[in-house]
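Trainee: All I have is the shape, not the residue letters:
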């Protein structure tokens, strides 16, 4: 089960009811099910962030939302030659739900991640990297 949150920087008009913590504004998406989330973006452009919203699933299910200008509307800065979203994250060799559960029981901080990631890949500095991962 998860909820997807996509409000990080997006001004959503008339759709806030379908965005946010599980059991507050909507029920979680059940395993094996899907949910189409239609919302209107007006007068905004840029790269923003979404993530899951059930406990620590937010550390494993996330990504960019890229909002391009309308055709014929310029960027508010010189148009880039190329755009590549870069998302930083963390990776654990353990069940993240168990990690947060242990932290909540002990009152301590959650375990430090086993690797930091760039676009979901840990890079060559970690022994968990696949051959050819950059």
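Mentor: Structure's in. What do you need? Only a predicted model underlies this, so the values are computations on that prediction, with no experimental measurement involved.
Trainee: Sketch out the low-pLDDT regions of the protein for me.
Mentor: 1-9, 16-21, 53-58, 124-134 (pLDDT under 70).
Trainee: For it, which segments count as helices?
Mentor: Under the criterion DSSP state H, the chain contains helices at 96-106.
Trainee: okay, now the domains of it?
Mentor: Recorded structural domains for the chain (assignment: the TED database) are 1-69, 86-133.
Trainee: Output the ones you listed as a markdown table; include the columns distance to residue 79 and mean neighbour count.
Mentor: Backbone N, C-alpha and C define where each C-beta goes, glycine included. Below are the domains of the chain laid out as a markdown table (distance: least, CB to CB, whole Å; neighbours: other CB atoms under 10 Å):
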| stretch | distance to residue 79 | mean neighbour count |
| --- | --- | --- |
| domain 1-69 | 9 | 14 |
| domain 86-133 | 19 | 12 |
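Trainee: out of those domains, which comes closest to residue 76?
Mentor: When the domains of the chain are compared for distance to residue 76 using CB to CB, the nearest one is domain 1-69, at 7.6 Å.
Trainee: one step back: okay, the domains of the chain in JSON lines with distance to residue 76 next?
Mentor: Converted to JSON lines, the domains of the chain look like this (distance: least, CB to CB, whole Å):
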{"stretch": "domain 1-69", "distance to residue 76": "8"}
{"stretch": "domain 86-133", "distance to residue 76": "20"}
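Trainee: With residue 85 as the reference, measure out to residue 24.
Mentor: 29 Å (CB to CB, to the nearest Å).
Trainee: So which residues of this protein form strands?
Mentor: According to DSSP state E, the chain carries its strands in the segments 4-8, 46-52, 62-67, 88-91, 115-118.
Trainee: Mind giving me the packing neighbours of the second one?
Mentor: The criterion is 3 or more CB pairs under 8 Å, 6 or more residues apart in numbering; DSSP states H and E, and the helices and strands that strand 46-52 contacts are strand 4-8, strand 62-67.
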